[in-house]
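1. what follows is a protein structure lacking sequence information:
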C-alpha cells in the first residue's frame, strides 16, 4: 500500500512539474507588441503615406497641359462700326448676336518652385500625422504598463491573502482542539473565524479588481483568455541616462517648426512670377476678323506672365504671424523639456526611496517572523488569546505584503522612468522563470 502511495505521489509530482513547465507565460514585451498590432489608430500610419503619394500625383498634374473646352453665346447693345461712308462701298454691319466655341490648352512653364515646395510641405504634414500616431501608440503602451503592473500587484496580494488564510486555518484547528480539551475559550475560535471571513472578503474584492484589469488588458492587446496566462514580472538592470528628447512628443515640436519654415518658404515663392504658354482653337461668329459676320475657325498661340508685384503688406504680416507661431512652439518645447527633467528626477528619487524601503522590509520581516513564531507557539499552548496572536501575525502579513508590493512598485517606477525617457521599447526585458 505504501509503495502504491509513493508511486502515486511521484506521478503527481512529475505531472505538476510538467504542467508548470508548459504553463503559458505572458510578458510585458509581448503585450506591447500585441497592443500596437491591435490598435485601430495604428493603421493610420499606413494610410498617411498613401494619401501623400496621391496628393503628390495631384500636384504634379499642375505641371501637365491643362485643357478646357468652352462655349459662349451673347448679345450686345452696340458693336464696332467704321465712322466713314464711301460711295459704291457697302460696309457690312457686325451682328449683335455672337457665338463662339473654342478649346484652350495652357502649359505651365515656370512657377517659381511653388509646386515642388507644396510637395515638400505635404510630406511634412504626413510626418506630423504619422508622429501623432506614434504619440498615441506610446500612450497606449503606458496604459498597458499601468494595467499590467496592477495585475501583478493584485496577484501578489492574492498570494499573501491565501497564505494568511492557510495559516489561520491551521491555527484555528489547533484552537478548536484546545477548546475540546478545555484549555482554551471558544471566543478564541470566534476571533479567528472572523479574521478568516475578513480575508475572504478581501479575496473577493481582489478577484473582482483583477478580473476587471485582465479584461482591460485583454481588450487592449487582443489576447483571448488572458486569465489563463502567467504574467511575468519585468526586470530592469541599469537605467538609461536622463533624456528629455526621446519621446515622440519631442519630435512633434520639431516637425511643427519645420512645417512653419516650409510655409514661410512657400509664401516667399508665391511672390515670384508665373510663366505659362497657351494655345486656343475655336469656331465662331465673329472669328478673329471682327468685320465678318460669317462663322469662321480661328487659332491663337501665345505666352502669359503673371506677377503679383504688390500685396499691400500681406506677405510681411504673414511672416510676422509665422514668427509668433514659432516663438509659441519654442515656449511649449521649453516647458515640455523642463517638465521632463522634473519628472525624470522625481522618478529617480522614487526608485532610490523604494530601494531603501525594500531593504528595510527585509529587516522588518525577519523580526516579525520571530515575533509571530513565538506568538503562534504561545497560542498553541494556551498562554495568549487569538487576538494577541493576530496582532503579531497581521504585523508579519503587512510586512510581507509591503515587501511584495514594493518590489512591484520598484519595477513599475523603473519602467516609468524608461517610458518617460522615450526608450520604452529598448529596455523591455524579463526575468527567466
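-> Perfect, I can see it now. This structure is a prediction, so every number in the text was calculated from the model and none was measured.

2. what's the helix or strand containing residue 215 packed up against?
-> Here residue 215 sits within helix 186-221, counting by DSSP states H and E. On a contact count with 3 or more CB pairs under 8 Å, 6 or more residues apart in numbering; DSSP states H and E, helix 186-221 meets helix 28-38, helix 114-181, helix 386-421. In short, each C-beta sits where N, CA and C put it, glycine included.

3. now that helix: average pLDDT?
-> Regarding helix 186-221, the rounded mean pLDDT is 89.

4. can you check stretch 242-261 too?
-> On average, stretch 242-261 scores 92.

5. related to what we said a few turns ago, the helices and strands packed on helix 186-221: which one's closest to residue 331?
-> helix 114-181 (19.1 Å; CB to CB).

6. what angle do that closest one and helix 186-221 make?
-> 160 degrees (axes from the mean of the first three to the mean of the last three CA atoms, to 10 degrees).

7. now the helix holding residue 215: buried residues?
-> 188-189, 191-192, 195-196, 199, 203, 206, 209-210, 213-214, 216-218, 220-221 (16 or more other CB atoms under 10 Å).

8. dump the helices and strands packed on helix 186-221 into a markdown table; add mean pLDDT, mean neighbour count and distance to residue 100 as well.
-> Rendered in a markdown table, the data for these read as follows (pLDDT from 0 to 100; neighbours: other CB atoms under 10 Å; distance: least, CB to CB, whole Å):
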| stretch | mean pLDDT | mean neighbour count | distance to residue 100 |
| --- | --- | --- | --- |
| helix 28-38 | 91 | 18 | 62 |
| helix 114-181 | 89 | 17 | 32 |
| helix 386-421 | 87 | 20 | 70 |
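
9. and those: which comes nearest residue 291?
-> The nearest among the helices and strands packed on helix 186-221, by CB to CB, is helix 114-181 at 42.7 Å.

10. just give me how far the closest one sits from the chain centre.
-> 16 Å (CA atoms, centre = their mean, to the nearest Å).

11. returning to what we had before: now the helices and strands packed on helix 186-221 in a markdown table, with distance to residue 367?
-> Formatted as a markdown table, these follow (distance: least, CB to CB, whole Å):
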| stretch | distance to residue 367 |
| --- | --- |
| helix 28-38 | 34 |
| helix 114-181 | 18 |
| helix 386-421 | 9 |
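
12. out of those helices, which comes closest to residue 258?
-> Comparing those by CB to CB, helix 114-181 comes nearest, at 5.6 Å.

13. and that closest one, what does it pack against?
-> Under the contact criterion of 3+ CB pairs under 8 Å, 6+ apart, helix 114-181 touches helix 28-38, helix 44-61, helix 186-221, strand 230-231, helix 248-269, helix 314-380, helix 386-421.

14. show me this structure divided up by domain.
-> 26-61+111-272+313-426, 62-75+94-110+274-306 (automatic domain parsing).

15. picking up where we left off before, and the angle from the helix holding residue 215 to helix 314-380?
-> Using the same axes, to 10 degrees, helix 186-221 lies at 150 degrees relative to helix 314-380.

16. so what's the gap between helix 186-221 and the chain middle?
-> That offset, for helix 186-221, works out to 33 Å (CA atoms, centre = their mean).

17. could you do stretch 31-40 as well?
-> The mean C-alpha position of stretch 31-40 is separated from the chain mean by 10 Å, CA atoms, centre = their mean.

18. ok, residues contacting it?
-> Contact partners of stretch 31-40, identified using CB atoms under 8 Å, 6 or more residues apart in numbering, comprise 42, 136-137, 140-141, 144, 148, 217, 220-223, 424-425, 428.

19. let's see it at 7 Å
-> Stretch 31-40 is contacted from outside by 42, 137, 140-141, 144, 148, 217, 220-223, 425, 428, using CB atoms under 7 Å, 6 or more residues apart in numbering.

20. just to be sure, residue 79 is in a helix?
-> No. Assessed by DSSP: H, G, I helix; E, B strand; the rest coil, residue 79 does not belong to a helix; its assignment is coil.

21. chain neighbours aside, what residue packs nearest to it?
-> Of all residues not flanking residue 79 in the chain, residue 94 sits nearest, at 4.1 Å (CB to CB, 6 or more residues apart in numbering).

22. give me the neighbour count for the one you found.
-> 18 (other CB atoms under 10 Å).

23. for it, give its distance to residue 26.
-> 89 Å (CB to CB, to the nearest Å).

24. please apply the same query to residue 327.
-> 48 Å.

25. got it, and residue 93?
-> From residue 93 to residue 26 the distance is 95 Å (CB to CB).

26. out of those two, which sits in the more crowded spot?
-> residue 26 (20 against 12).

27. who is the more buried one paired with across the strands?
-> residue 231 (DSSP bridges).

28. for residue 407, give me its contacts.
-> By CB under 7 Å, 6+ apart, the neighbours of residue 407 are residue 358.

29. ok, now residue 149?
-> With CB under 7 Å, 6+ apart, residue 149 has these contacts: 408, 412.

30. tell me how far residue 145 lies from residue 274.
-> Applying CB to CB to residue 145 and residue 274 gives a distance of 54 Å.

31. no, scratch that, I was asking about residue 43
-> Here the criterion is CB to CB. By it, residue 43 lies 40 Å from residue 274.

32. neighbour count for the two, which is higher?
-> residue 274 (16 against 10).

33. in space, what's closest to the more buried one - neighbours in sequence excluded?
-> residue 306 (4.5 Å).

34. tell me how many other residues surround that neighbour.
-> 9.

35. now residue 340
-> 21.

36. residue contacts, it?
-> 244, 420.

37. so how far is residue 354 from it?
-> Residue 340 is 21 Å from residue 354, by CB to CB.

38. do the same with residue 97
-> Counting by CB to CB - residue 97 and residue 354 are separated by 93 Å.

39. compare these two (neighbour count), which wins?
-> Using other CB under 10 Å as the criterion, residue 97 and residue 354 rank with residue 354 on top: 21 against 9.

40. find the nearest non-adjacent residue to that one, please.
-> Closest to residue 354 by CB to CB, 6+ apart is residue 410, at 4.5 Å.
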